[in-house]
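# What follows is a predicted protein model with its sequence.
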Amino acid sequence: MLAQSNQPCMARCFAVVVVIFSFVSVSMAGPILPAPKKISPHVYAWIGPYEGPNKENRGFRMNMAFVVGEKSVAVVDTGYTPEMAREMIAHIKKVTPLPIRYAINSNSQPHRFMGNDAFKDVGASLITHPAERQRMIDMSGNFTQGIEAALGLPADSVVFPALPEKLVKNEL
């Protein structure tokens, strides 16, 4: 009789512990990116640590930047994950109310373009060289699997992002 009466209490206590643990684990994860550093009057950058992407750094290991122009913002490289890209956008919005109109993928390494979807969602035009775009396509499976392995994510959980639609051959 005593065991039966304790079961609802045990279930409620367990549920409370699960809820508390979920809040603690989320808060311990914290942000991926620090605040960007002001490099010059119009240029801000995230300077990444010198190590490979892993669970601890959540993929932040590269340099990314943005330029605040008179009418809009241009981003140089969109990050390793959509989560990182969304943090970039949040940081940019703290610096300026101007729209993000351009997201330049400087090359086809995954940390340069895997955040494209987040920038496309806010209206940015995605820009790269045609050879880099083709390499993004050719290596897409390797890139997504590499991110899953580096960050300890389940297989097929990384979605390949939108590809740049504006291609620059010589100058723009």
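That came through fine.

# Break down the chain into its helices, ranges please.
Remark: helices assigned in the chain by DSSP state H are 2-29, 82-95, 110-113, 116-121, 130-138, 140-151.

# Out of the ones you listed, point me to the one whose mean pLDDT is lowest.
Among these, helix 2-29 carries the lowest mean pLDDT, at a mean of 43.

# how many other residues sit next to Arg135?
16 (other C-beta atoms under 10 Å). Just so you know, the C-beta spots here come from the backbone N, C-alpha and C atoms, and that holds for glycine as well.

# which residue sits closest to it in space, ignoring its chain neighbours?
Ser108 (3.9 Å; C-beta to C-beta, 6 or more residues apart in numbering).

# wait, Lys55 sits on Leu151?
Yes: counting by C-beta atoms under 8 Å, Leu151 is a contact partner of Lys55 at 5.9 Å.

# Those two: who's more crowded?
Taking neighbours as other C-beta under 10 Å, Lys55 and Leu151 compare with Leu151 leading, 18 against 10.

# Any figure for the gap between that one and Pro161?
From Leu151 across to Pro161, the span is 15 Å (C-beta to C-beta, to the nearest Å).
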